[in-house]
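> 3D, please:
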Amino acid sequence: MGRIKTNYPKRFVLFSLVYFILFSVFVALRGFQMVSFDIKLLIVTIFILYFNYIDLKVSKSFHISFNIPVMFFIFLLYPIRFILPYSFILVFIIFFVRKIMQKRNFADAFIITFFLSGIQSTYVLIGLYVFRGVYPHQFLHVGVIQIFALLCAFLAMAVSDFIIYLFTNKILLQNNFTKNDFVVVFYSTLSDLVLFILFLMLYVLYVNNRYGIALFYIFAVFVLIKIFYKILSVRLEIFIYADLLKRLNNLQYNIDDYSSIEKALLDYFKTIKSDLYLENVYFYRRTYEDILEITPDDKKIFRYLVPEVHSKCKKMCDLCEIKKGKIKHYPFEILYLRKEHAEKETGGMLISLLIRRNSPYLSNYLKILFNRFNGIIDLHVDRDENRELLGNIISILVSSIEGSDKETVTHSKRVAIIASKIAAILGYPENKVELFKYAGLLHDVGIVTYSRSIYAKKSKTELTEDEWNMIKEHPVIGYNVLKNIRSLGEVPQWILEHHERFDGKGFPYGKKGDEISRGGMILNLANVFDSFLFGKTYMNKVTVNMAIKYIIKGRGTIFDPDLIDRVAPHLEEIAKDLIKQSIVK
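Numbering: from 1, shown residues only. You can find the predicted model right below:
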């Protein structure tokens with residue numbers, strides 16, 4: 001498209017241009033038949049202009065409502081070689097003016113006008129040809145055959161309209177279809193049918209020169225159209241907002257991953273921009289470290305707008321409205337929502353309206369949206385802060401272990417590495433892998449209650465019965481120390497079970513088989529494997545191959561058989577990486 005900037009996909013632009021050119025050639029080849037300009041033609045011209053201007057603005061597609069039935073009956077009034085080029089030019093002008101009034105750039109206005117003017121005339125021509133095929137005579141009164149011909153014409157226009165609707169959205173614009181889109185099509189077709197019936201009577205009066213009754217009927221139809229338009233618009237608005245709220249409640253994201261949150265909110269912003277006819281939408285939130293900005297638009301726009309908006313909305317309010325033209329160089333109405341803490345602004349949301357919508361639902365919906373987005377960010381930021389706090393707590397606890405026995409804390413750090421690697425191999429999510437790391441670091445936190453004399457003893461035979469019972473209690477002590485730290489999740493339970501055996505001969509409770517959590521079994525495996533590799537005061541270290549053989553030998557007795565089957569192929573790699581890290585340190 002050279003240097004011409006348009007917001008439409010290239011395939012849509014190309015199709016619009018080609019179709020408009022081909023249709024223009026078709027119209028030109030048919031020739032032009034001149035008719036005299038009289039009061040009838042003036043009324044027809046007003047009808048064409050008016051009904052192409054009040055097209056129902058509730059769909060993200062280019063589905064046209066209200067004007068097709070009117071255009072069909074107008075085409076029946078005049079020779080096709082006159083009304084086709086005449087209406088084609090008028091429709092082009094009114095569409096272009098309307099798009100410019102909506103503040104579209106000239107390229108976008110031309111492209112969408114090329115598309116709409118050609119497509120609308122195609123719908124009407126299809127209906128006209130079908131009608132003439134069924135009833136080739138002059139249409140002056142209503143009978144069974146005429147009604148059948150009209151029904152066939154309407155169905156032909158409705159079907160062709162729907163096909164173009166699908167083709168445009170699915171192929172050219174690559175929009176995803178939702179229930180909302182099909183409901184819009186249904187109501188739009190229903191509006192077409194109602195007008196088709198209403199204008200049938202006007203057509204009959206018009207061709208039979210009943211102008212007095214026709215004028216009264218026009219007034220009545222106009223009132224009915226306004227009422228119907230209002231009812232239909234409200235009904236569709238309710239449906240659209242209900243659908244948007246449902247989508248808002250069903251957002252999919254990982255609360256621990258900001259990029260996942262940003263993608264979910266961006267996708268949602270794209271949806272509301274389309275469904276609510278928004279020009280721009282921007283959400284920002286200040287944190288301790290940065291400003292989070294989420295928008296499908298150019299962020300530079302908002303770095304200009306935000307200070308301007310602040311200067312216009314100095315008072316705290318739920319929703320600040322800035323009228324079109326109040327901000328220099330920005331010709332759109334803006335809705336602004338502001339978040340404050342301790343009388344300081346901590347975030348906000350800007351919505352620029354492409355079309356002024358006097359909707360009773362918009363402001364309430366935006367408040368719900370803003371609060372929901374802030375809730376998501378709050379939860380994400382709080383989790384980050386909680387994770388930092390948790391890290392500090394763990395550091396303190398690990399330091400307390402180190403104060404009792406440095407060998408134990410070194411062992412715990414290696415168990416943390418082994419346990420987290422096993423969890424990753426088994427496909428646990430990143431946040432769960434991190435919990436296994438914490439479990440490894442803290443699995444022996446219960447030993448801080450031991451007497452230092454216990455650490456010096458090199459075998460079980462040197463321990464008194466009371467000392468051995470004390471050692472068997474360290475998982476319970478560790479569990480009791482950690483159980484009230486909610487951020488640790490299942491970690492306390494895993495620590496409680498990290499000396500249980502699959503055959504039920506472990507401690508502290510002698511659990512067996514499925515009574516032991518998978519996390520407890522993983523921690524047990526990591527603990528034993530490290531003891532084989534690096535030794536303990538009561539046992540000598542062995543080679544990597546020997547350690548793996550001992551682990552496999554414990555399948556079904558010490559360890560869960562399924563766990564060993566899945567992890568055993570990876571143990572050598574884990575061991576070598578761990579030994580290499582230990583050498584480096």
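
> Kindly report the domain assignment for the protein.
According to automatic domain parsing, the chain comprises the domains 10-208, 251-380, 405-584.

> so which of those gets nearest Ile231?
domain 10-208 (10.1 Å; C-beta to C-beta). Using the backbone N, CA and C atoms, a C-beta is placed for each residue, glycine as well.

> ranges for the strands of this structure?
Along the chain, counting by DSSP state E, strands occupy 278-286, 291-294, 320-322, 333-341, 344-353.

> can I get these in JSON lines with distance to Phe373 and mean pLDDT?
What follows is the strands of the chain, written out as JSON lines (distance: least, C-beta to C-beta, whole Å; pLDDT from 0 to 100):
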{"stretch": "strand 278-286", "distance to Phe373": "6", "mean pLDDT": "86"}
{"stretch": "strand 291-294", "distance to Phe373": "8", "mean pLDDT": "87"}
{"stretch": "strand 320-322", "distance to Phe373": "17", "mean pLDDT": "87"}
{"stretch": "strand 333-341", "distance to Phe373": "10", "mean pLDDT": "84"}
{"stretch": "strand 344-353", "distance to Phe373": "7", "mean pLDDT": "86"}
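
> Can you lay out those strands as CSV showing mean neighbour count and distance to Leu578?
Compiled in CSV, these are given as follows (neighbours: other C-beta atoms under 10 Å; distance: least, C-beta to C-beta, whole Å):
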stretch, mean neighbour count, distance to Leu578
strand 278-286, 21, 41
strand 291-294, 16, 38
strand 320-322, 18, 58
strand 333-341, 18, 46
strand 344-353, 20, 45
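
> In a markdown table: those, plus distance to Ile147.
Shown next, in a markdown table, are the strands of the chain (distance: least, C-beta to C-beta, whole Å):
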| stretch | distance to Ile147 |
| --- | --- |
| strand 278-286 | 43 |
| strand 291-294 | 55 |
| strand 320-322 | 50 |
| strand 333-341 | 47 |
| strand 344-353 | 43 |
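
> between those, which one is nearest to Ile100?
Using C-beta to C-beta, those put strand 278-286 closest to Ile100, at 14.2 Å.

> The closest one packs against which elements?
For strand 278-286, the packing partners by 3 or more C-beta pairs under 8 Å, 6 or more residues apart in numbering; DSSP states H and E come out as helix 258-275, strand 291-294, helix 299-312, strand 344-353, helix 362-404.

> quick one: which of those has the weakest pLDDT on average?
Lowest mean pLDDT within the helices and strands packed on strand 278-286: helix 362-404, at a mean of 70.

> Single out the most deeply packed of the helices and strands packed on strand 278-286.
strand 344-353 (a mean of 20; mean count of other C-beta atoms under 10 Å).

> Tabulate the helices and strands packed on strand 278-286 in a markdown table, adding columns for distance to Leu195.
Below are those laid out as a markdown table (distance: least, C-beta to C-beta, whole Å):
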| stretch | distance to Leu195 |
| --- | --- |
| helix 258-275 | 24 |
| strand 291-294 | 42 |
| helix 299-312 | 40 |
| strand 344-353 | 28 |
| helix 362-404 | 27 |
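
> quick one, which of the ones you listed is nearest to Ala419?
With C-beta to C-beta, the closest approach to Ala419 among the helices and strands packed on strand 278-286 belongs to helix 362-404: 14.0 Å.

> Tell me how far the closest residue to Phe199 other than its chain neighbours lies from Gly513.
Computed as C-beta to C-beta, 6 or more residues apart in numbering, the closest residue to Phe199 that is not its neighbour in sequence is Phe73, at 5.1 Å. Going from Phe73 to Gly513 by C-beta to C-beta, to the nearest Å gives 80 Å.

> What's the local residue count around the residue nearest to Phe199?
Using other C-beta atoms under 10 Å, Phe73 has 23 other residues around it.

> Thought Ile197 was touching it, still the case?
No - using C-beta atoms under 8 Å, Phe73 is not in contact with Ile197; the gap is 11.2 Å.

> Which residue comes closest to Ile261 once chain neighbours are left out?
Distance criterion C-beta to C-beta, 6+ apart; nearest residue to Ile261, sequence neighbours excluded, is Tyr253 at 4.7 Å.

> where does the one you found fall, phi/psi-wise?
Torsion angles at Tyr253 (phi, psi; degrees, to the nearest 10) stand at phi -160, psi 160.

> hang on, it packs against Tyr268?
No - with contact defined as C-beta under 8 Å, Tyr253 does not reach Tyr268; the gap is 10.1 Å.

> Please identify every residue contacting each of these two.
Between them, Tyr253 and Tyr268 share no contacting residue under C-beta atoms under 8 Å, 6 or more residues apart in numbering.

> Pull the contacting residues for the residue nearest to Phe199.
Phe199, Leu200, Leu202, Tyr203.

> For the third one, the count of nearby residues, please.
Going back to what we said before, that points to Leu202. Other residues within reach of Leu202, judged by other C-beta under 10 Å, total 19.

> Ok, the first one next?
Residues near Phe199, counting by other C-beta under 10 Å, number 23.

> I'd say it and Val70 touch.
Yes - counting by C-beta under 8 Å, Phe199 touches Val70, with 5.9 Å between them.

> Any chance of the contacts of Phe73 in a markdown table with pLDDT and distance to Val433 as columns?
Formatted as a markdown table, those follow (pLDDT from 0 to 100; distance: C-beta to C-beta, whole Å):
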| residue | pLDDT | distance to Val433 |
| --- | --- | --- |
| Phe199 | 77 | 67 |
| Leu200 | 81 | 70 |
| Leu202 | 75 | 72 |
| Tyr203 | 77 | 73 |
